[in-house]
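Enquirer: Based on what follows, work out the 3D shape:
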Amino acid sequence: MQAIAITDNEFAQFQRFIFDAAGITMADAKKALVTGRLGKRLAFHGLQSFGEYFKLLKSGLHPAEVQMAVDLLTTNETYFFREPKHFEFLRSQALKERSRPQPFRVWSAASSSGEEAYSMAMVLADCMQTTPWEILGTDISTRVIDGARKALYSMERGRHIPTEYLKRFCRKGVGPYDGQLLVERSLRSHVSFRQVNLNAALPELGQFDIVFLRNVMIYFNNDTKREVVARVIATLKPGGYFCVGHSESLNDITQAVKMVAPAVYRKEA
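Expert: As a prediction, the model looks like this:
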């Protein structure tokens, strides 16, 4: 069956759709991505054009399909211990706080399939001793959140996990799970996941000592960046830290935090 082509007008409709839903500015070069990711949904519904599929999404009759389209159009590339300097920073802060009675809380604000949140958990489990700690992972995509809760990954995806952590915190799959690893239950008990759209008013999440929001703002325009960053900073405790991707900067976005290390900002105490 020949793939259905997308017209410029139809592509513009989906650019607006994902901007309204997730605040993501999708470049014109992403036309092939839209065609590839949504083409199967046209076939599933027996539709002959992307325009027909867009009308289905906008009809208000298929909210689950709208979420499906958002899931397919949001980019979810991640891996364990990506940008390791931030995990070294997390470790240094955790060591400073490991004698306090209050829980140490960290938010992986664009957690995708969960590797970032579980990387955080390995670091905290290694150094928090008796201090209680918890990690929240959120993403706009319900599909990747469901996968994150399973904590089951291919061994290939675990290649960046330090060997000591791999032995301590992961279980090697056998039988039907050969070639996979499972994050240990005791570690998973400290990590929760929920679907959150950063481009809308946030639900009650509590206050955090550290927030990671990395390699996401490159998809936002400046107005959206300012709105998202303001929401996230409001969840930071005084003196808390905000980590962004090393290709990102908050310098022209907000004055509410100050850079203290590459891609690490601190909220005033």
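
Enquirer: only C-alpha atoms for contact and neighbour calcs from this point on.
Expert: Will do.

Enquirer: And the pLDDT at M1?
Expert: We have a pLDDT of 52 for M1.

Enquirer: wait, doesn't M217 sit right on D223?
Expert: No - the pair M217 / D223 is not scored as a contact, 10.9 Å apart, by C-alpha atoms under 8 Å.

Enquirer: Those two: who's more crowded?
Expert: Set M217 next to D223 and count neighbours by other C-alpha atoms under 10 Å: M217 wins out with 23 against 10.

Enquirer: you'd agree R171 is in a strand?
Expert: Yes - assessed by DSSP: H, G, I helix; E, B strand; the rest coil, R171 belongs to a strand.

Enquirer: What about it, how many residues nearby?
Expert: Neighbours around R171, by other C-alpha under 10 Å: 15.

Enquirer: now V228
Expert: Counted with other C-alpha under 10 Å, residues neighbouring V228 total 20.

Enquirer: What's the end-to-end length of stretch 163-181?
Expert: One end of stretch 163-181 sits 13 Å from the other (C-alpha to C-alpha, to the nearest Å).

Enquirer: before we move on, what about stretch 242-261?
Expert: Span of stretch 242-261 from end to end, C-alpha to C-alpha: 11 Å.

Enquirer: List the buried residues of that stretch.
Expert: Of the residues in stretch 242-261, 242-245, 249-250, 253, 257-259 count as buried by neighbour count, 16 or more other C-alpha atoms under 10 Å.

Enquirer: so of the residues you listed, which ones are in strands?
Expert: 242-243, 257-259 (DSSP state E).

Enquirer: Dump these into JSON lines; add pLDDT and distance to P103 as well.
Expert: Converted to JSON lines, these look like this (pLDDT from 0 to 100; distance: C-alpha to C-alpha, whole Å):
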{"residue": "F242", "pLDDT": "98", "distance to P103": "18"}
{"residue": "C243", "pLDDT": "98", "distance to P103": "20"}
{"residue": "V257", "pLDDT": "97", "distance to P103": "23"}
{"residue": "K258", "pLDDT": "97", "distance to P103": "24"}
{"residue": "M259", "pLDDT": "97", "distance to P103": "25"}
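
Enquirer: For Q15, give its distance to L33.
Expert: For Q15, the distance to L33 - C-alpha to C-alpha - is 12 Å.
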